[in-house]
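Enquirer: only geometry, no sequence info:
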């Protein structure tokens, strides 16, 4: 079921009833998770091993291993800084760095605790410098008019495109060309930077651990999202310094990064494999509709609307647990 | 500066420039935090000690004390279950219970690990039972038309009312009577419940530790928000059981609650005192506008809009650190 454009007025009209019209009244409506369970194998899209990054943190206090898997963003978004991240990964730059900042309801950031100071780890050669115009991609959306879009106070409109949450703005009302950019949802990974407009070199990355800080959209380069092991970054002790940086007096709280690898560089038997639910599938549209209109038995009143960061794209591991 | 209604179209028109029009071009625009620093003493509203709840958790692994302060919601919202929470607190019901559930990007919940099973702690007498119609309050909004409201995919409209984020829906277009209800933002505290429509007795509470789960609005009773010590709840280890409940095998991860007290019941010298920035003040309108339009030097593109959960109400401790 592909819904057309949801306006606020339409959203209000959707606010009832407790059970979906046309279904047996006796059968409770499925939850979003129950809908996803019904997806066919063909609704799932494999993630290329070249787009998977495995970050191994030092074990926790009880000796349990901590592994974080990040999906890097495919074209057309942010290819310059993703190339940097692969260059940094393959040079071994990240190995031995650590988590340097945890700010509650905002971000966890990792990089070189020495920053730019003396003793900082040297960067590999070949890193790209990108301009601020690269934050936004132009896409032609011949199928965008038929696709579910969500009204959004930050971007005007949002949609799930090729598996990613994106802000959308039509270039003019007479073309099918859109400006599109990824949005700062929970678990998204971005490239830390200094003052504008440079986009950062990729030597320090962060992930969102709170309510979506959408004011960062188009202001910081997004590079991917955490798809497994998010709890290893979100449950770390918050830093006591400005912006949640760990102060030197609490340096022992900095979690060490043992290694970062691109999955395609790992021995094939060790490569993790993941799939995401196609955001272009009918089952995804049903899932998103259920996120906007919870009618499963726990709920009394379906909201009739949803924001883009409250429709997380279902992702599952298919190999290498 | 009181802005009138922000429509999506108006939001687009606000998307530039990098510096506020009419200000000196040379002076960078202030950040939201810098605006709040300029608030006058009279812009801050004291929180009644009767509305402050102090929850003392067991010290952390290093012996550091962990105290969480919760502001309970004033009228007109949710008075029945807040009365229950005070009854439970004063009977000592919460003392000795523990954190029983931490689900990443969702909630931390505390209560009796025994649940309803044998060995569960007995509830005090006098708890109220509330119907589902109490989730929503009717308010008359003679000043609501002149106040900043935000378009919202869940509620239609939202606004900050009396210090709280609320969803709003006009009863008819010919009256000034609104339906209003608090919204599930980061740090908000609610009353856990079983299947609908009962509103829960207050014996188990939770707080939001991820992106706002706004689908819960009008479906679970909100009772307040964490105003200090949030990191003691958000950084706890996630539970491995269904919905993030700690399984029996990881029972040692359950953080104990040593005591819960209403501030007005504490010796006056020990009572913490807090103030919030009046959401009806001009400085709050400036702050909210800056949240929607970041023009301070780090930013390249102001979003031109914001969602209600990304305008946290500034709160400060004034005594008893």
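Expert: Structure's in. What do you need? Bear in mind the structure is a predicted one, so any value in this text is a computation, not a measurement. Residues are numbered from 1 along each chain as shown, chains lettered A, B, ... in the order given.

Enquirer: wait, isn't residue A:284 in contact with residue A:161?
Expert: No - taking Cβ atoms under 8 Å as the definition, residue A:284 is not a contact partner of residue A:161, at 11.6 Å. No exception for glycine: its C-beta is placed from N, CA and C like everyone else's.

Enquirer: what is the burial count for residue A:58?
Expert: 13 (other Cβ atoms under 10 Å in any protein chain shown).

Enquirer: what of residue A:38?
Expert: 11.

Enquirer: determine the three-state secondary structure at the residue nearest to it when sequence neighbours are not counted.
Expert: Computed as Cβ to Cβ, 6 or more residues apart in numbering or on different chains, the closest residue to residue A:38 that is not its neighbour in sequence is residue A:283, at 6.7 Å. Under the three-state scheme (DSSP: H, G, I helix; E, B strand; the rest coil), residue A:283 adopts helix.

Enquirer: count the residues that sit near the closest residue to chain B within the stretch 201-321 of chain A.
Expert: Residue nearest to chain B within the stretch 201-321 of chain A: residue A:305 (3.3 Å; Cβ to the nearest Cβ). Residues lying near residue A:305 (other Cβ under 10 Å) number 26.

Enquirer: for it, what are phi and psi?
Expert: Main-chain dihedrals, residue A:305, degrees, to the nearest 10: phi -170, psi 170.

Enquirer: so it is in contact with residue A:289, correct?
Expert: No - counting by Cβ under 8 Å, residue A:305 stays clear of residue A:289, with 10.9 Å between them.

Enquirer: any residues touching stretch A:88-101, and which ones?
Expert: A:53, A:55, A:57, A:107-113, A:121, A:123-124, A:127, A:202-204, A:206, A:233, A:236, A:239, A:241, A:243-246, A:254-262, A:265 (Cβ atoms under 8 Å, 6 or more residues apart in numbering or on different chains).

Enquirer: now, which of these lie close to chain B?
Expert: Among those, proximity to chain B is found for residue A:236 (Cβ under 8 Å from any Cβ of the partner chain).

Enquirer: out of the contacts of stretch A:88-101, which sit inside strands?
Expert: A:53, A:55, A:57, A:107-111, A:206, A:257-262 (DSSP state E).

Enquirer: buried ones among those?
Expert: The neighbour count (16 or more other Cβ atoms under 10 Å in any protein chain shown) marks A:53, A:55, A:57, A:107-111, A:206, A:257-258, A:260-262 as buried among the ones in strands among the contacts of stretch A:88-101.

Enquirer: can I get the residues you listed in JSON lines including distance to residue B:169 and pLDDT?
Expert: Listed next are these as JSON lines, based on distance: Cβ to Cβ, whole Å; pLDDT from 0 to 100:
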{"residue": "A:53", "distance to residue B:169": "44", "pLDDT": "98"}
{"residue": "A:55", "distance to residue B:169": "45", "pLDDT": "98"}
{"residue": "A:57", "distance to residue B:169": "46", "pLDDT": "98"}
{"residue": "A:107", "distance to residue B:169": "34", "pLDDT": "98"}
{"residue": "A:108", "distance to residue B:169": "37", "pLDDT": "98"}
{"residue": "A:109", "distance to residue B:169": "39", "pLDDT": "98"}
{"residue": "A:110", "distance to residue B:169": "43", "pLDDT": "98"}
{"residue": "A:111", "distance to residue B:169": "46", "pLDDT": "97"}
{"residue": "A:206", "distance to residue B:169": "37", "pLDDT": "98"}
{"residue": "A:257", "distance to residue B:169": "48", "pLDDT": "98"}
{"residue": "A:258", "distance to residue B:169": "52", "pLDDT": "98"}
{"residue": "A:260", "distance to residue B:169": "48", "pLDDT": "98"}
{"residue": "A:261", "distance to residue B:169": "51", "pLDDT": "98"}
{"residue": "A:262", "distance to residue B:169": "49", "pLDDT": "98"}
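
Enquirer: and which of these is nearest residue B:274?
Expert: residue A:107 (25.9 Å; Cβ to Cβ).

Enquirer: in the sheet, who's paired with the closest one?
Expert: residue A:208 (DSSP bridges).

Enquirer: is it true that it touches residue A:206?
Expert: Yes - contact status for residue A:107 versus residue A:206: in contact at 4.3 Å, counting by Cβ under 8 Å.

Enquirer: what's the angle between the helix or strand containing residue A:84 and strand A:257-262?
Expert: For residue A:84, the host element (DSSP states H and E) is helix A:79-90. Calculated by axes from the mean of the first three to the mean of the last three Cα atoms, to 10 degrees, helix A:79-90 forms an angle of 130 degrees with strand A:257-262.

Enquirer: doesn't residue A:207 make contact with residue A:106?
Expert: No - Residue A:106 sits out of contact with residue A:207 when judged by Cβ under 8 Å, with a separation of 10.3 Å.

Enquirer: kindly report the residues of the stretch 151-300 of chain A close to chain B.
Expert: A:151-156, A:169, A:185-187, A:195-197, A:210-215, A:217-219, A:230-231, A:234-238, A:291-292, A:294, A:297-300.
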